[in-house]
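Engineer: have a look at this prediction, sequence included:
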Amino acid sequence: MYLIKALTKKITLASSALLLILSALTPFHVSAKGDLTKQTPIEVKVVLGDKNNAMSFSPSTIEFETGKLYKLIIENQGPVKHYFSSDGFAQSVLTRKVQINNASNTPIAEIKGTIREVEVYPSFQAQWWFVPVKAGIFNDLRCSIKGHTEMGMKGTIIIK
Ligand SMILES: [Cu+2]
């Protein structure tokens with residue numbers, strides 16, 4: 001009985017000591033290299049439409065890798081507004097922000113939280129910052145404006 005009591009006391013002491021060490025180390029680790037959203041972003045650009053009002057995503061196949069931070073520039077070069085919409089993609093990334101810049105490229109807004117689709121007006125762009133967390137091939141990239149998908153605004157997103 002004494003032995004068990006002594007042993008229990010030893011284990012309790014040891015685990016308290018371990019907890020103390022862990023809690024002393026934790027703040028350091030939390031703010032260090034483990035944060036995937038603090039990487040230098042990889043820039044990728046996708047162009048929606050063109051000056052002749054083509055219904056297209058260019059490129060129409062976009063590839064990403066899990067665990068890396070991306071800055072996806074969604075640029076509308078057409079005369080009408082377009083959407084960048086893919087539920088499969090939206091459900092497989094952790095969004096850091098969507099950033100909107102003014103004409104002189106100064107940030108004017110950052111939208112944070114879960115994003116499902118981004119709409120961009122003619123001759124403007126939006127930046128979607130995200131970290132892919134799930135691999136997959138998503139054939140549901142499209143512009144959700146009536147008729148645009150049918151006229152060719154569709155594509156594939158691959159996350160490796
Ligand atoms: Cu469109």
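Structural biologist: Thanks, I have it. Treat the numbers as computed from the prediction; the structure is a model and nothing was measured.

Engineer: for the ion, what are the nearby residues on this structure?
Structural biologist: By CB under 5 Å from the ion, the residues of the chain that approach the ion are 82, 143, 145, 148, 153. For the C-beta atoms, the positions are set from N, CA and C on the backbone; glycine is no exception.

Engineer: hmm, which two among those are most spread apart?
Structural biologist: Among those, the pair separated by the greatest distance (CB to CB) is 145 and 153, at 8.0 Å.

Engineer: any shared contact partners between these two?
Structural biologist: Residues touching both residue 145 and residue 153 by CB atoms under 8 Å, 6 or more residues apart in numbering: residue 82.

Engineer: returning to that earlier point: most surrounded residue in the residues of the chain next to the ion?
Structural biologist: residue 143 (29 neighbours; other CB atoms under 10 Å).

Engineer: now that one: closest residue in space that isn't a chain neighbour?
Structural biologist: Leaving out its chain neighbours, the residue that sits closest to residue 143 by CB to CB, 6 or more residues apart in numbering is residue 153, at 3.8 Å.

Engineer: may I have the phi/psi pair for that neighbour?
Structural biologist: phi -80, psi 80 (degrees, to the nearest 10).

Engineer: ok, now which ones touch it?
Structural biologist: Counted by CB under 8 Å, 6+ apart, residue 153 has contacts 48-49, 55-57, 82, 142-143, 145.

Engineer: now the residues you listed as TSV including distance to residue 92?
Structural biologist: Shown next, in TSV, are the contacts of residue 153 (distance: CB to CB, whole Å):
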residue	distance to residue 92
48	21
49	25
55	25
56	23
57	18
82	22
142	16
143	20
145	23
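
Engineer: with respect to residue 71, which of those residues is nearest?
Structural biologist: Nearest member of those to residue 71, counting by CB to CB, is residue 48, at 16.5 Å.

Engineer: ok now stretch 69-76, how far from the chain's centre?
Structural biologist: Relative to its chain's centre, stretch 69-76 lies at 10 Å (CA atoms, centre = their mean, to the nearest Å).

Engineer: isn't residue 76 up against residue 143?
Structural biologist: No - using CB atoms under 8 Å as the test, residue 76 is too far from residue 143 to be in contact (10.0 Å).
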